[in-house]
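Asker: next one to model:
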Amino acid sequence: MTGSLADARTQTGAAKTVADILTAAADLIEPEGRWTTGAFARTVKGRVIGSSEAPATCWCAVGAVYRSAYPHGSYRVYRALELLSDTVGCYHIGGWNDAPERTQAEVVAALRAAAEKARTANSVGTQPRSGEVRPNQTGDDQ
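Answerer: Numbering: from 1, shown residues only. So this is what the prediction gives:
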């Protein structure tokens, strides 16, 4: 686990798979004080901010995925969020993240489980959903 802000910021230049994005998102919000609800990201003073902005110090599950994927294509973000949604059994990940009973540990575990699904899908191959056209299961070609 890395989890530091410096690690998250320096890793953005490297090509990332969907599994890498989900793992980085889990690493980003795993340390105490790095997870939030009600916003994609916040500053140290609690101000709502864009998930990829430098002053961000904590993120929700969706914000962590966006931050970890930056600046890569929207297909990877879509695929990562789709896998996370499948993992938690809820289409509205923001609502799931923000549920009063939700814990930071549950969010981190879900991100890691979704990352494992992405790795498994990449290693064994998966069929697209009905009507879905995908260039690659994990978006690694972008």
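Asker: which residue is the nearest non-sequential neighbour of residue 96?
Answerer: Spatial nearest neighbour of residue 96, excluding adjacent residues (C-beta to C-beta, 6 or more residues apart in numbering): residue 90 at 4.3 Å. For glycine as for every other residue, the C-beta is placed from the backbone atoms N, C-alpha and C.
Asker: so which helix or strand takes in the one you found?
Answerer: Residue 90 belongs to no helix or strand when assigned by DSSP states H and E.
Asker: ok, how many other residues are close to it?
Answerer: For residue 90, the count of nearby residues is 15 (other C-beta atoms under 10 Å).
Asker: thought it was touching residue 99?
Answerer: No: with contact defined as C-beta atoms under 8 Å, residue 90 does not count as touching residue 99 (9.1 Å).
Asker: in stretch 36-54, what's buried?
Answerer: By neighbour count on 16 or more other C-beta atoms under 10 Å, the buried set for stretch 36-54 is 36, 37, 39, 40, 41, 42, 49, 51, 52.
Asker: mind listing which of those residues are in strands?
Answerer: 41, 42, 49 (DSSP state E).
Asker: what's the first helix or strand after the helix or strand hosting residue 78?
Answerer: Taking DSSP H and E as the criterion, residue 78 maps to helix 74-88. The first helix or strand that comes after helix 74-88 along the chain, using DSSP H and E, is helix 93-98.
Asker: now that next one, how far from the centre of its chain.
Answerer: Centroid separation between helix 93-98 and its chain, computed with C-alpha atoms, centre = their mean, to the nearest Å, is 13 Å.
Asker: if we can go back for a sec, any idea how far residue 35 is from the residue nearest to residue 96?
Answerer: Distance from residue 90 to residue 35, counting by C-beta to C-beta, to the nearest Å: 17 Å.
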